[in-house]
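Chemist: here is a sequence together with a model predicted from it:
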Amino acid sequence: MAGFSVPPLVANLAGWLVAFTVSFSGHYHLTFRYQKTSLWPAATRFFVVSAIGFGINEASYAWLLHATTMRYDVLLFLVLVGVAVLTFVLSRLWAFRPAAS
């Protein structure tokens, strides 16, 4: 976000907050709707998954920004792809899994 004079890590935090809402809505109503998970347990667990993913995202992104000379947008893309895969797997196996009956 060089054009807005926002540091990349701050912009990344703002992006995560927006993405959490959009991602949860999409996963709950579309991707994992067949799992018929209750709203609040799914939201709580997905928040945990998303926060862990964000933590990995921020730590990896910060380290790569410091340790490499690659462009920040390329680094962010690479980190986001890896975290997206992790988030999907954890969402499928835990966050949107219905409670045991």
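Modeler: Yep, that arrived. Numbering: from 1, shown residues only.

Chemist: can we go C-alpha only for contacts and neighbour counts from here?
Modeler: Noted.

Chemist: got a list of what the residue nearest the centre of the chain touches?
Modeler: The residue lying closest to the centre of the chain (Cα atoms, centre = their mean) is residue 50, at 4.6 Å. For residue 50, the residues meeting the contact criterion (Cα atoms under 8 Å, 6 or more residues apart in numbering) are 20, 87.

Chemist: distance check, it against residue 24.
Modeler: Remark: distance between residue 50 and residue 24 (Cα to Cα, to the nearest Å) = 9 Å.

Chemist: how about residue 39?
Modeler: 10 Å.

Chemist: of these two, which one has the most company?
Modeler: residue 24 (19 against 11; other Cα atoms under 10 Å).

Chemist: against which helices or strands is the worst-scoring helix or strand of the chain on mean pLDDT packed?
Modeler: For the chain, counting by mean pLDDT, DSSP states H and E, helix 8-26 ranks last in confidence among helices and strands (a mean of 87). Secondary-structure packing of helix 8-26 (3 or more Cα pairs under 8 Å, 6 or more residues apart in numbering; DSSP states H and E): helix 39-67.

Chemist: next helix or strand past the helix it packs on?
Modeler: helix 72-90 (DSSP states H and E).

Chemist: pLDDT of that following helix, averaged?
Modeler: The average pLDDT for helix 72-90 rounds to 91.

Chemist: which residues touch it?
Modeler: With Cα under 8 Å, 6+ apart, helix 72-90 has contacts from 8, 49-50, 53-54, 56-57, 60-61, 64-65.
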